[in-house]
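Engineer: structure for this input, please:
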Amino acid sequence: MFAKIYRPSRTAMQSGQAKTRAWVLEFEPSMAKRPDPLMGWNSSSDMSAQIRLKFDDKDQAVAYANKYGIPFRVTEKPEIRRKPKTYASNFAADRKEPWSH
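Structural biologist: You can find the predicted model right below:
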């Protein structure tokens with residue numbers, strides 16, 4: 001049983017950063033999924049793949065894994081730095097990008 005600790009990225013339907021602040025501890029699958037012979041759905045007998053724990057910060061997730069002896073890997077993504085823009089900057093005289101029309 002091996003776990004990964006990470007901060008989830010935003011979904012394709014999101015423009016903001018909601019639900020990306022928490023740290024998640026997930027177990028990596030120990031066996032491959034196989035199709036069910038009757039229905040054809042993917043299934044697995046690995047119950048640890050269903051566990052997904054959320055923590056407020058990375059230190060809590062690491063402490064939890066160390067407390068219960070779970071081997072883990074921490075994946076950090078870089079912080080996104082955004083430049084604040086205003087609608088008025090579209091009409092600035094010193095605009096660096098030309099108008100497209």
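
Engineer: the helix or strand of the chain with the lowest mean pLDDT pairs with which strands, parallel or anti?
Structural biologist: Here the helix or strand of the chain ranked lowest by mean pLDDT, DSSP states H and E is strand 42-43, holding a mean of 88. Strand 42-43 sits in its sheet next to strand 34-35 (antiparallel), going by DSSP bridges.

Engineer: what's the spacing between the strand it pairs with and its chain's center?
Structural biologist: Distance, stretch centre to chain centre, for strand 34-35: 26 Å (C-alpha atoms, centre = their mean, to the nearest Å).

Engineer: and stretch 38-51, by the same measure?
Structural biologist: Offset of stretch 38-51 from its chain centre (C-alpha atoms, centre = their mean): 22 Å.

Engineer: report the backbone C-alpha coordinates of that stretch in PDB.
Structural biologist: Included here for stretch 38-51 are C-alpha records, laid out as PDB according to Å, rounded to 0.1, in the frame of the first residue of the first chain:
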ATOM      1  CA  LEU A  38     -21.800  -9.600 -16.600                       C
ATOM      2  CA  MET A  39     -22.100  -5.800 -17.000                       C
ATOM      3  CA  GLY A  40     -18.700  -4.800 -18.600                       C
ATOM      4  CA  TRP A  41     -18.100  -2.100 -15.900                       C
ATOM      5  CA  ASN A  42     -14.500  -1.700 -14.600                       C
ATOM      6  CA  SER A  43     -14.100  -3.200 -11.200                       C
ATOM      7  CA  SER A  44     -11.400  -4.100  -8.700                       C
ATOM      8  CA  SER A  45     -11.200  -5.900  -5.400                       C
ATOM      9  CA  ASP A  46      -8.800  -3.200  -4.000                       C
ATOM     10  CA  MET A  47     -10.800  -1.400  -1.400                       C
ATOM     11  CA  SER A  48      -8.000   1.100  -0.500                       C
ATOM     12  CA  ALA A  49      -8.500   2.800  -3.800                       C
ATOM     13  CA  GLN A  50     -11.800   4.200  -2.500                       C
ATOM     14  CA  ILE A  51     -10.200   6.000   0.400                       C
END
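
Engineer: contact partners of that stretch?
Structural biologist: Under the contact criterion C-beta atoms under 8 Å, 6 or more residues apart in numbering, stretch 38-51 has outside partners 1, 26-27, 29-36. Where you see a C-beta, it was placed from the backbone N, CA and C, and this is true even at glycine.
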